[in-house]
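Enquirer: Got a sequence here, can you build the structure:
(2 chains)
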Amino acid sequence: MLVYLTRRLTSLILSLAAASLVIFLVVEVAPGDPASYMLGINAQPDTVAALRAELGLDVPRWQRYLSWVTGMLSGDFGTSYTYRTPVSGMIADRLWVSLPLALYALTLSTLIALPAGIIAASRRGRAADVGVMAATQLGVAVPNFWFAMLLVLLFAIRLQIMPSGGFPGWEDPVQAMKALTLPAIALALPQAAILARVLRSSLIDALGEDYIRTARAKGLTRGQALWRHGLRNALIPVLTIIGLQFSFLLAGAIIIEQVFYLPGLGRLIFQSISQRDLIVVESVVMLLVFAVILVNFMTDLAYAIVDPRLRRRA
Amino acid sequence: MTGVLLDIQNLTIRAHGKPILNGISLPLKAGEITALTGESGSGKSMTALACMGLLPSVMDASGTIQFECQNLLEMPEKALTQVRGQQIGMIFQEPMTALNPLHTIGRQVAETIRIHAKPPNRAEEQARAVLRKVGLDMPLSRYPHELSGGQRQRVAIAMAIALRPALLIADEPTTALDVTTQAQILDLLKSLVKSEGMALMMITHDLAVVGEMADHIAVMQSGNIVEHAPTAELFARMRHPYTRALFDASWHKAQLPEAASGTPLLSVRGINRDYPLPRPRPFAKRPAFRAVNGVSLEINTGERVGLVGESGCGKSTLTRAILGLEPIQGGEITLNGEPVFTHGRPNRDVQRQMQVVFQDPYGSFNPRHRVSRLITEPFHLLNKPPVGAERERAIAEALTAVGLTPDDQHKHIHAFSGGQRQRIAIARALIIRPKLILFDEAVSALDVRVRATILDLMADLSREYGLTYLFISHDLGVVRSITDRVLVMQKGRIVEEGPTERVFDAPEHPYTQNLIAAAPRLPDIGDFHAA
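Expert: I've put the predicted structure just below:
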């Protein structure tokens, strides 16, 4: 187990280092000089040069890379070109919206998908299965922003029990959760549909295995065999999907953030790109990469907890 | 009849209205072993599953299975779960997949006790005792993947007998195991029947196993019991022609022509094959597992050589190395004086002189291609593959040689039975007239009667084409009937080599002696007549 852990950790650190380099290079070679963009087309060359010096853009690239990386390690993400405020503060504010939203959506999606997948697999071919499969087909096909608009129409405009958008901040947790509920549902439904389908097919595979027959021969009922022997064996692909979905929810909620007017990471990155605020772009992308790699690491740990065979191997 | 524990009367099973069992009747008595034997598809396993109430849902059964004054076929599911595991235990063929890989063996054995016993305390302790009873003295915290096939089968047996059921059903319990392991498991089952007073329903296709184990034998053929008698009586009389056919096929010895004394063809000199293992610690040097260890062998033109050994001994790795499919870490392999590997790469000029026939007649063909395309696959190895009429002639000739017709080339592989598929595999190997053919467990998946015809085919081909082959198998009986010379492999080394008859009659190495002693033998009919 220790070997497994060290291996995973080593690969985590190496991936982060590689990712930081790639992000830096890509942002560097992207066309558009932030200084001249900020000053407009008619700026004097010496004004641009002065701004470049002020922003620290005149030093060699490798120096800027090093100071960026070392800064990040000590929690200093630099200063936004556009807003002239520390990037770390900007990210932290947005993270307080995006992270709870992602977790909220993931919890909802798992809570919907688990029972749906289990019911469908255990009643394979019967009405419940057909129903779940039809519903998930719809969930996969319909885009989440459309769900979002339907939810707003129903709960915010018709019933008026939920806010239609905006985020009041965490001073009042109840209001904050209320503001996140509709976006979380909109995000969760398509994810739940995918997850339920994966769980169903993985569970059907597991139920066809020899050890299920052995369990039945011991005197377990169908249900007992499913819960005790089928479910855990079906979990590995499900964990993979949950890991991928979390990464997606963290950064990919941009359309939903737009629909509900939430100040999340997705909108931050969109604004920064359009304003050539490279330092913010770099930092947010790095943060997202870190989140993805961390989630993968945790998924790997979850595999090892679920499956004893993986504890030995790499 | 007194003491009948389980009485199957007129059991009929249909799937989608098609009969699978046609009204069979079979009584089982406590303390006795009844064997169900017959070829695949004869209904043996369905009989067993019907007794457990575990038939697939598409099948429906009629008739009666009387067990302790109750008809199992009419018992509600809830009551059946009480019978399963508690009064009837069952073990299956595949020890590798029969255990849940995610639970410890202790937990899996204890589960049988926990779900039935009230109160379920002391289940761990009982599990430990049962595991010891089946000869497994190891911590309960082990996982199935840490155990060998034989050990896993012992765990499966422990789960089935934990609550001392009155009836144990064993469906091909040793088919997936090596001969020495098989002998141990069979001994264990026999002693359990004696010590626990159980009835054992033993399902096996292997007549030799049946003859050594069973008190009664029921021979099944396409859903019917064609003959049922005490073992000695059955072997002595063999009333039904099918029983005799099975028996003859199991005994079958192909008539090999005299081996021509040829020139040296294949020469393997001191080869090693290492597989890297995971590092014990990060940055430590990777240890290696030496699967083939300093193996040398020679095969002359026209010779038929056998290679026997238990699973994991390295025989398949050696085969793949000879074919140039596995890199070797030492030594040299030459065919006709030319090296199989030049500068670490397989040499195509040499590769095209060798062909292989694998075990699985179902998995080794692409189901979407027609036979003509399948059997001409080796043409890729030739610089100038035959085209047009010449290609047609080659296809027709290869198919005719293996007992099929040239018209069969237009069919897909699903149109053929297992035996026919293996004929097609041989045709595929023959079509470029290789100097050497490797048969890797080529008849192991076949029923005995089909196996006999394939062995005959190989003997015929030897006569006509003067084949040279290396026949790899774990089945000593088959190797004996189809080879001139035999090599015995253990843990990556060849421990004994010699003319087949000599090695089997007077083995010198202790490992060979063990192997031969462990192999179940068919009873000589003469023994029963004398008795």
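
Enquirer: The closest residue to chain A within the stretch 401-531 of chain B: how many residues sit nearby?
Expert: For the stretch 401-531 of chain B and chain A, the shortest gap (Cβ to the nearest Cβ) falls at residue B:445, measuring 18.0 Å. Backbone N, C-alpha and C define where each C-beta goes, glycine included. Neighbourhood size, residue B:445 [other Cβ atoms under 10 Å in any protein chain shown]: 18.

Enquirer: Beyond the helix or strand hosting residue B:186, next helix or strand please.
Expert: Secondary structure from DSSP states H and E places residue B:186 in helix B:179-196. As assigned by DSSP H and E, the chain's next helix or strand after helix B:179-196 is strand B:199-203.

Enquirer: any idea what sits nearest the residue in the stretch 201-314 of chain A positioned nearest to chain B, other than its immediate chain neighbours?
Expert: Residue of the stretch 201-314 of chain A nearest chain B, by Cβ to the nearest Cβ: residue A:219 (3.2 Å). With sequence-adjacent residues excluded and distances taken as Cβ to Cβ, 6 or more residues apart in numbering or on different chains, residue A:219 is closest to residue B:85, at 3.2 Å.

Enquirer: mind pulling up the phi and psi values for the one you found?
Expert: phi 80, psi -30 (degrees, to the nearest 10).

Enquirer: how far out from the middle of the chain is the helix holding residue B:186?
Expert: The chain centroid and the centroid of helix B:179-196 are separated by 18 Å, computed with Cα atoms, centre = their mean, to the nearest Å.

Enquirer: quick one on the thing from earlier: just to check, the residue nearest to residue A:219 is in contact with residue A:215?
Expert: No. With contacts counted by Cβ atoms under 8 Å, residue B:85 stays clear of residue A:215, the gap being 9.3 Å.

Enquirer: how much space between the residue of the stretch 201-314 of chain A closest to chain B and residue A:203?
Expert: Counting by Cβ to Cβ, to the nearest Å, the gap from residue A:219 to residue A:203 is 21 Å.

Enquirer: Buried residues, stretch B:127-142. List them.
Expert: For stretch B:127-142, burial by neighbour count (16 or more other Cβ atoms under 10 Å in any protein chain shown) applies to B:127-128, B:130-131, B:133-136, B:138, B:140, B:142.

Enquirer: Tell me who's in contact with residue 144.
Expert: If you meant another chain, say so; for now it's chain A. Each residue near residue A:144 by Cβ atoms under 8 Å, 6 or more residues apart in numbering or on different chains is listed here: A:186-187, A:189-190, A:255-256.

Enquirer: my question was about chain B
Expert: With contact taken as Cβ under 8 Å, 6+ apart, residue B:144 is in contact with B:99-101, B:105, B:152, B:155.

Enquirer: Nearest to chain A among these?
Expert: Minimum distance to chain A across the contacts of residue B:144 is 4.3 Å, recorded for residue B:100 (Cβ to the nearest Cβ).

Enquirer: Looks like the closest one contacts residue A:211 (just checking).
Expert: Yes. The criterion here is Cβ under 8 Å, and residue B:100 meets it with residue A:211 at 4.3 Å.

Enquirer: got any residues that touch both of those two?
Expert: A:229, A:233.

Enquirer: Residue A:96 and residue A:168: what is the separation?
Expert: Distance of residue A:96 to residue A:168, given as Cβ to Cβ: 12 Å.

Enquirer: Comparing the two, which shows the higher neighbour count?
Expert: Per other Cβ under 10 Å, whichever of residue A:96 and residue A:168 has more neighbours is residue A:96, with 16 against 12.

Enquirer: Could you report the neighbour count for the nearest residue to that one once chain neighbours are set aside?
Expert: In space, residue A:96 comes closest to residue A:170 once its chain neighbours are excluded; the distance is 6.4 Å by Cβ to Cβ, 6+ apart. Other residues within reach of residue A:170, judged by other Cβ under 10 Å, total 12.

Enquirer: Verify the stated contact: residue A:170 with residue A:176.
Expert: Yes. Counting by Cβ under 8 Å, residue A:176 is a contact partner of residue A:170 at 5.1 Å.

Enquirer: Can you give me the buried ones in stretch A:67-76?
Expert: Neighbour-count burial for stretch A:67-76, counted by 16+ other Cβ under 10 Å, picks out A:68, A:71-72.

Enquirer: cool, and stretch B:147-162?
Expert: Applying 16+ other Cβ under 10 Å to stretch B:147-162 flags B:147, B:149-162 as buried.

Enquirer: how much space between residue A:37 and chain B?
Expert: 47 Å (Cβ to the nearest Cβ, to the nearest Å).

Enquirer: Mind pulling up the pLDDT for residue B:527?
Expert: Note for residue B:527: predicted pLDDT of 51.

Enquirer: ugh, wrong one, residue A:312
Expert: pLDDT, read off for residue A:312, is 64.

Enquirer: ok so, going back, what two of the buried residues of stretch B:127-142 are the furthest from one another?
Expert: B:133 and B:142 (16.9 Å; Cβ to Cβ).

Enquirer: Show me what the helix or strand containing residue A:19 is packed up against.
Expert: Here residue A:19 sits within helix A:2-29, counting by DSSP H and E. With contacts taken as 3 or more Cβ pairs under 8 Å, 6 or more residues apart in numbering or on different chains; DSSP states H and E, helix A:2-29 sits against helix A:61-73, helix A:278-306, helix A:309-312.

Enquirer: And for residue 253, the neighbour number?
Expert: This is for chain A. The number of residues near residue A:253, taken as other Cβ under 10 Å, comes to 27.

Enquirer: nope, chain B
Expert: 14.

Enquirer: That one: what secondary structure?
Expert: coil (DSSP: H, G, I helix; E, B strand; the rest coil).

Enquirer: Pull up the gap between it and chain A, please.
Expert: 36 Å.

Enquirer: Buried residues, the lowest-mean-pLDDT helix or strand in chain A. List them.
Expert: When the helices and strands of chain A are scored by mean pLDDT, DSSP states H and E, helix A:34-39 comes last with a mean of 72. By 16+ other Cβ under 10 Å, the buried positions in helix A:34-39 come out as A:34-38.

Enquirer: Next: stretch B:22-33.
Expert: Those would be B:24, B:26-30, B:32-33, for stretch B:22-33 by 16+ other Cβ under 10 Å.

Enquirer: try stretch A:275-295
Expert: Under the neighbour-count criterion of 16+ other Cβ under 10 Å, stretch A:275-295 has A:275-293, A:295 buried.

Enquirer: do the same with stretch B:274-284
Expert: residue B:274.

Enquirer: who touches that stretch?
Expert: Applying Cβ under 8 Å, 6+ apart, the contact partners of stretch B:274-284 are A:3, A:6-7, A:10, A:312-314, B:285-291, B:329.

Enquirer: now do stretch B:193-202
Expert: B:5-6, B:28-36, B:48, B:51, B:161, B:164-170, B:173, B:189, B:192, B:210, B:213-214.

Enquirer: any chance you could map the helices in the stretch 251-400 of chain B?
Expert: Here the stretch 251-400 of chain B has its helices, by DSSP state H, counting those that start in this stretch, at B:315-322, B:348-351, B:371-375, B:388-401.

Enquirer: After the longest one, which helix or strand is next? Please name it.
Expert: Past helix B:388-401, heading to the C-terminal end, the next element that is a helix or strand (DSSP H and E) is helix B:418-430.
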